[in-house]
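> Predicted model and sequence below, questions to follow.
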Amino acid sequence: MKHPENEQWMSFLYGELAPSARREADRHLRECPECRQRVEQWRATMGLLDADHATLALPARRERTWFAVPAVRWALAASVVLFAGFAAGRVTGVSREEVARQIAAARAEIATDLRQRHEDDLKAMAAATVAATTEQNRQFLAEFGRQFNAARSEERRDWIAALDALNRQHSDDLAEVKSGLNALARKTGAGFQQAESQLNLLASYLPAGTDAGGALDSSLSKEKP
Amino acid sequence: MTWSFAITDEQAMWRVQNADDHAAFAQLVERWEQPIQRLCARMTGDLHRAEDLAQEAFSRVFSRRRDYQPAAKFSTWLWRIAINLCHDEIRLRRRRPEHPLEPETEDGGEGGAVQFPGSGLSPAEVVEKLEQAEIVRRALLQLPESYREVVVLRHYEGLKFHEIADVLGIPEGTVKSRMFEALDRLGGILKRLGAAPGHPH
């Protein structure tokens, strides 16, 4: 039996064989356990490599909402193909390889679909960005024009108003300072009085004739009975 | 690729080349930034460096715009530029062993964030997948570069074998033989690293 070259199996595994060559390879696989084992091994490794397919998430500037839908479609399509393969296998004895090939074909189709969706997504995003930017610029220009015109006529009024406000502020400040000073003066007077009465109270507790309380005592003693 | 609203890569590149059209250049960057970044990440094992490398690749595209041959496919030219940058980077790292070729751990900032949008996986399943993915990335980094680039371009970026041959400037048969050699080696490496063959369940 003439075995296909390893190179040919690579084209087979990655779906690059023409339909007739693919059928021939499928037939060979059914008949040749040696090649079947080799191809199964490659397939297993390819399956392991797939673990890194979805996980390499690069710093994304945007949400990838497109992923969800194709993932669902993927699962759906895969299950349909699986079921079809299963049913066909029961009726006609189609090999596992045939089912696997169909799955690979469905997968390729869905990959294309995925890519298309990504493109559509980019397209929509580009359009949205352009629209948003245009709208933003338009609004900005309009606002600028309005403000510029308003500024001209309001310039004088604004100046006067600003001066008035400044003046008012000034006199308000003065008034505040003045009332503050008055309050301080009142508080100071009250403070003096309080201090004096406290001293007097203290003096009343001191025994007569002590040095510390002497003067006060003598001055206050006159008022005491 | 069908772009109903837009120009092809080649048309865009022609505008960049002949009119220094910045809008066309921005469109090319928008289209190709992610694939190029993925390539660089898988080739160097460094997600953050991959960002720089992708940027460098695009700045080379612009500075060498006069060298672009309009008959050639733009993406082929771009992949080649990016691959060469990756080779330079890897060579540089070999000379400075303090930056070994190691895949980054997942806590490397938002750049290393891993998501399974809409996958509906449970946290345990996500963790399991992450571990598998980490093992796969490590395994890839243990391959010789000439094999790794073929695996990345064919398996992950979906280039056809003849396109890879164009990018690398080698015969298509050589690309395929590197591919099966790479798969054979990866099978062994993955087994050593403890990745379960087939599905973990």
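Received the coordinates, thanks.

> show me where chain A has helices.
Applying DSSP state H to chain A gives helices spanning A:6-13, A:19-31, A:33-49, A:68-92, A:96-205, A:211-221.

> same check, this time on chain B
Along chain B, counting by DSSP H, helices occupy B:9-19, B:22-44, B:47-63, B:74-95, B:123-141, B:145-151, B:161-168, B:172-193.

> By mean pLDDT, which helix or strand of chain B comes out lowest?
Between all helices and strands in chain B, the lowest mean by mean pLDDT, DSSP states H and E belongs to helix B:123-141, at a mean of 83.

> C-alpha coordinates for it, CSV please?
The C-alpha trace of helix B:123-141 is given here as CSV (Å, rounded to 0.1, in the frame of the first residue of the first chain):
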residue,chain,number,x,y,z
PRO,B,123,-14.9,29.3,37.1
ALA,B,124,-13.4,25.9,37.6
GLU,B,125,-13.6,25.2,33.9
VAL,B,126,-12.0,28.6,33.1
VAL,B,127,-9.1,27.8,35.5
GLU,B,128,-8.6,24.5,33.8
LYS,B,129,-8.6,26.1,30.4
LEU,B,130,-6.2,28.7,31.6
GLU,B,131,-3.8,26.1,32.8
GLN,B,132,-4.0,24.2,29.6
ALA,B,133,-3.4,27.4,27.6
GLU,B,134,-0.4,28.3,29.8
ILE,B,135,1.0,24.8,29.2
VAL,B,136,0.5,25.2,25.4
ARG,B,137,2.2,28.6,25.4
ARG,B,138,5.2,27.2,27.2
ALA,B,139,5.3,24.2,24.9
LEU,B,140,5.3,26.6,21.8
LEU,B,141,8.3,28.5,23.3
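
> Between the helices of chain B, which has the poorest mean confidence score?
When the helices of chain B are compared on mean pLDDT, helix B:123-141 scores lowest, with a mean of 83.

> what residue is smack in the middle of chain B?
For chain B, B:Leu39 is the residue whose C-alpha lies nearest the centre (CA atoms, centre = their mean; 1.0 Å).

> That one contacts B:Cys86, correct?
Yes - judged on CB atoms under 8 Å, B:Leu39 makes contact with B:Cys86 at a distance of 7.1 Å. In this view, the C-beta of every residue, glycine as well, is placed from N, C-alpha and C.

> give the contact list for the residue nearest to B:Ser75 when sequence neighbours are not counted.
Spatial nearest neighbour of B:Ser75, excluding adjacent residues (CB to CB, 6 or more residues apart in numbering or on different chains): B:Asp9 at 6.2 Å. The contact partners of B:Asp9, taken as CB atoms under 8 Å, 6 or more residues apart in numbering or on different chains, are B:Met1, B:Leu28, B:Arg31, B:Trp32, B:Lys73, B:Phe74, B:Ser75.

> List the residues that contact the third one.
Listed by CB under 8 Å, 6+ apart, the contact partners of B:Arg31 are A:Leu122, B:Asp9.

> how does it look with 6 Å?
For B:Arg31, the contact set (CB atoms under 6 Å, 6 or more residues apart in numbering or on different chains) is empty.

> quick one: it from A:Arg23, how far?
Distance of B:Arg31 to A:Arg23, computed by CB to CB, to the nearest Å: 36 Å.

> list the buried ones in the least confident helix or strand of chain B?
B:Lys129, B:Gln132, B:Ala133, B:Glu134, B:Ile135, B:Val136, B:Arg137, B:Arg138, B:Ala139, B:Leu140, B:Leu141 (16 or more other CB atoms under 10 Å in any protein chain shown).

> Against chain A, how distant is B:Ile164?
11 Å (CB to the nearest CB, to the nearest Å).

> before we move on, what about B:Arg60?
20 Å.

> just to revisit the earlier point, which of the helices of chain B sits closest to A:Leu181?
Proximity to A:Leu181 (CB to CB) singles out helix B:47-63 among the helices of chain B, at 65.5 Å.
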